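Student: I'd like to go over a predicted model; first the sequence, then the structure.
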Amino acid sequence: MTILLVYIQGHIRLPLNSTEVREKQNVMRTISVRHPAMLLLVSLLLSPGIITAQGDLLITPRRVVFEGNKRSVDLSLANIGKDTATYTISLVQIRMTEDGGFETITEPDEGQSFATPYIRFFPRTVTLKPDEAQTVKIQAVRTGDLAPGEYRSHLYFRATPEEKPLGEETPANQGESTISIKLVPVFGITIPVIIRVGNPSASVTLSDVALTFENDTLPRLSFVFNRTGDYSVYGDIEVDHIAPGGTITSVGLAKGVAVYTPNPRRKFSFNLTGGGAIDFHSGRLVVTFSAPSDVRPEKYAEATIDLR
């Protein structure tokens, strides 16, 4: 998951009887300003799709799962940009909505358990020059007495903006009451860190499979994940079109799709490919949800829709 932080640095000159200045952005609620200078961070949860490179930071692997005797994982961070960058690392708690969105929370939902008390990591701040890499070690600790189930938190890598002291920049308007605001995008990435204890299980089915057409031409597939059990599920979606004559063509691929506990459902949709070469009004579509390609092959669920 990718997080965009908007770093706002302002210069404000107000009369002695300070008035309230409001600057409304399309991504935030009204902001009240009552001081000569301000520093505000606004976090926006963006697309739930997995992004391992954002803001010039590459992270591998893109998720961490502790199960069995596994107690330590090394994350590789690489700066693929042209400037030196500093990242602070912390643990955050996230809820997945039924639509696949993310919300930051401080208390677990019913059926959800946080991994934070049982995770240690170092270092907590990383500075990388262009093309430089560094390892961050993640450890699971004090897990011996945990009840069976899944514990999840998210490791958050936040880019630290290069700050200039307030006052170095001159406001554009030198009138009696002026405000100058500079918006600097600050990128961050979160990856899930999961601890699994015992031998719980999870299963998933696909339902409500439907094909629609955007602008009467672009095929879009939608369906619902139905998850049961004590574990999250994570894998790749593949869609094949099977023509009436039996020809099989791959028309869709979505990698790294998750349904986290405690959610029993997740709605999902994405555009299919194939252009004019595929007749999406005949034949059928086969939708397969499988283990990621970098682990052992395993099919989790499959659904078929007949096209007319």
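Tutor: That came in fine, so what should we check first?

Student: gap between Arg296 and Glu103?
Tutor: Counting by Cβ to Cβ, to the nearest Å, the separation of Arg296 from Glu103 is 33 Å. Using the backbone N, CA and C atoms, a C-beta is placed for each residue, glycine as well.

Student: just Val286 next, same as before
Tutor: For Val286, the distance to Glu103 equals 33 Å [Cβ to Cβ].

Student: between these two, which has more neighbouring residues?
Tutor: When Val286 and Glu103 are compared on other Cβ atoms under 10 Å, the one with more neighbours turns out to be Val286, at 14 against 10.

Student: would the more buried one count as being in a helix?
Tutor: No: assessed with DSSP: H, G, I helix; E, B strand; the rest coil, Val286 is strand; it does not lie in a helix.

Student: excluding chain neighbours, what is closest to it?
Tutor: Asp240 (4.8 Å; Cβ to Cβ, 6 or more residues apart in numbering).

Student: can I assume Ser203 is in contact with Tyr231?
Tutor: No: with contact defined as Cβ atoms under 8 Å, Ser203 does not count as touching Tyr231 (9.2 Å).

Student: returning to what we had before: pLDDT value on the residue nearest to Val286, please?
Tutor: Here the pLDDT value assigned to Asp240 is 97.

Student: how about the contacts made by it?
Tutor: Applying Cβ atoms under 8 Å, 6 or more residues apart in numbering, we find Asp240 in contact with 248-251, 285-286, 288.

Student: got a winner among those residues for most neighbours?
Tutor: Sorting the contacts of Asp240 by how many neighbours each has (other Cβ under 10 Å) puts Leu285 first, at 22 neighbours.

Student: relative to Ile248, how far out is that residue?
Tutor: 11 Å.

Student: again, but for Asp240
Tutor: As defined by Cβ to Cβ, Asp240 lies at a distance of 5 Å from Ile248.

Student: overlap in contacts, those two.
Tutor: Taking Cβ under 8 Å, 6+ apart as the criterion, Asp240 and Ile248 do not both touch any residue.

Student: what helix or strand does the residue nearest to Val286 sit in?
Tutor: When secondary structure is defined by DSSP states H and E, Asp240 falls within strand 233-242.

Student: list the helices and strands the next helix or strand after that strand packs on?
Tutor: The C-terminal neighbour of strand 233-242 among helices and strands, as given by DSSP H and E, is strand 248-259. In terms of contacts (3 or more Cβ pairs under 8 Å, 6 or more residues apart in numbering; DSSP states H and E), strand 248-259 is packed against strand 218-229, strand 233-242, strand 265-271.

Student: now Ser273. Nearest residue, chain neighbours left out?
Tutor: That one is not Ser; residue 273 is Thr. Val251 (5.4 Å).

Student: which residues touch that neighbour?
Tutor: Counting by Cβ under 8 Å, 6+ apart, Val251 has contacts 219, 239-241, 272-274, 278, 285.

Student: from those residues, which would you call buried?
Tutor: Listed as buried from these are 219, 239-241, 272, 278, 285; burial here means 16 or more other Cβ atoms under 10 Å.

Student: in the strand holding Asp240, what counts as buried?
Tutor: By neighbour count, with 16+ other Cβ under 10 Å as the criterion, the buried positions of strand 233-242 are 233-241.

Student: just how off-centre is that strand within its chain?
Tutor: Relative to the centre of its chain, strand 233-242 is centred 20 Å away, using Cα atoms, centre = their mean, to the nearest Å.

Student: for the strand or helix carrying Ala78, packing partners?
Tutor: Per DSSP H and E: Ala78 is located in strand 72-79. Packed against strand 72-79 by the contact rule (3+ Cβ pairs under 8 Å, 6+ apart) you find strand 57-60, strand 64-66, strand 125-128, strand 133-140.

Student: which of the ones you listed sits most buried?
Tutor: Comparing the helices and strands packed on strand 72-79 on average neighbours per residue, with mean count of other Cβ atoms under 10 Å, the densest one is strand 64-66 at a mean of 21.

Student: and it, which strands flank it?
Tutor: Paired neighbours of strand 64-66 in the sheet (DSSP bridges): strand 178-197 (parallel).

Student: got the angle between the strand holding Asp240 and strand 265-271?
Tutor: With axes from the mean of the first three to the mean of the last three Cα atoms, to 10 degrees as the criterion, the two stretches strand 233-242 and strand 265-271 enclose an angle of 40 degrees.
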